[in-house]
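*Asks:* below: sequence and its predicted model.
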Amino acid sequence: MNFLGAIGRFVILVFAEIGRAALFARDALWVGLSPRYYWDQIGEQLFRVGYTSLPVVAMTAFFTGGALALQIFTGSSSTTAATLVPSIVAIGITRELGPVLAGLMVSGRVGASIAAELGTMRVTEQTDALVTLSTNPLKYLVGPRILAAVISLPLLVAIGDTIGIMGGYYVGTRALGFNGFAYVKTTADTLHFDDVRSGLIKAAVFGFIIALMGCYHGFNSKGGAQGVGRATTNAVVSSAILILTANFMLTSLFFGRQ
């Protein structure tokens with residue numbers, strides 16, 4: 001009975017947390033994304049979320065594209081490698097690996113930063129000070145971060161897709177003996193606008209998840225430095241799980257019936 005009681009308490013805690021997160025998301029969308037906008041905050045967050053995340057996303061995409069080309073070439077016969085390598089690298093990067101890896105990288109970098117920053121403001125009562133100054137914390141702190149993440153992630157993914165395909169091209173032409181013109185032509189013939197569009201839509205959803213989880217756990221942190229640490233960890237873990245879950249659901253929506 002104690003075992004069953006522990007399971008019941010865990011289930012109740014999980015659903016209660018989901019409910020609190022859903023209510024926070026509702027308030028963030030209703031209050032944080034409604035006018036008036038703090039453009040200086042939005043610009044600062046665009047720089048922090050987008051520009052400063054570009055190096056890690058670019059490096060991840062390049063080496064992923066190169067490694068994917070090597071794996072496909074090794075696993076295919078010499079007669080089909082010329083077609084399979086460019087095609088699968090392009091489709092795999094744009095549909096799946098580009099948005100997912102960019103989301104996970106940005107989650108570990110930006111999501112943790114958001115949770116730590118807002119968590120510190122929470123435990124030091126800086127968010128309460130905003131209220132005394134007649135400033136809504138959701139509008140001033142949460143809204144700009146969500147907007148910046150939703151705008152920045154598709155741009156990062158678009159750049160990452162290009163660099164990832166370049167990584168596959170570099171490995172294919174330098175290490176695997178592919179003809180450069182033929183590689184580019186096969187990639188252009190294989191890749192369609194729907195492949196790129198689906199990845200960019202995924203990126204916008206992932207950006208919303210990252211910013212929302214970072215803000216939610218930061219806003220609800222308590223217990224001093226240890227509480228901020230827990231909020232940071234929870235933000236990264238929950239973002240990663242939701243990104244992978246959302247990726248599966250969106251992939252099923254876009255390509256499940258083809």
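*Replies:* Looks like it arrived, so ask away.

*Asks:* residue contacts, the spatially most central residue of the chain?
*Replies:* Centroid-nearest residue in the chain, with CA atoms, centre = their mean: Gly103, separated by 2.2 Å. By CB atoms under 8 Å, 6 or more residues apart in numbering, the residues touching Gly103 are Leu153, Lys202, Ala203, Phe206, Gly207, Ile209, Ile210, Ser239, Ile243, Asn247. To be clear about C-beta, it is placed using only N, CA and C from the backbone, and glycine gets the same treatment.

*Asks:* what do you get if the cut-off is 6 Å, keeping everything else the same?
*Replies:* Phe206, Ile243 (CB atoms under 6 Å, 6 or more residues apart in numbering).

*Asks:* distance of Val123 from Val228?
*Replies:* Relative to Val228, Val123 is positioned 6 Å away (CB to CB, to the nearest Å).

*Asks:* neighbour count winner among these two?
*Replies:* Val228 (24 against 19; other CB atoms under 10 Å).

*Asks:* where's that one, which helix or strand?
*Replies:* helix 224-255 (DSSP states H and E).

*Asks:* and Ala81, what pLDDT?
*Replies:* Looking at Ala81, its pLDDT reads 69.

*Asks:* gap between Thr232 and Ser221?
*Replies:* Thr232 is 8 Å from Ser221, by CB to CB.

*Asks:* and those two? which has more neighbours close in?
*Replies:* Ser221 (26 against 22).

*Asks:* for the closest residue to Ile151 other than its chain neighbours, the count of nearby residues, please.
*Replies:* Once flanking residues are discounted, Ile151 sits nearest to Leu46: 6.5 Å by CB to CB, 6 or more residues apart in numbering. Number of residues near Leu46 (other CB under 10 Å) recorded here: 17.
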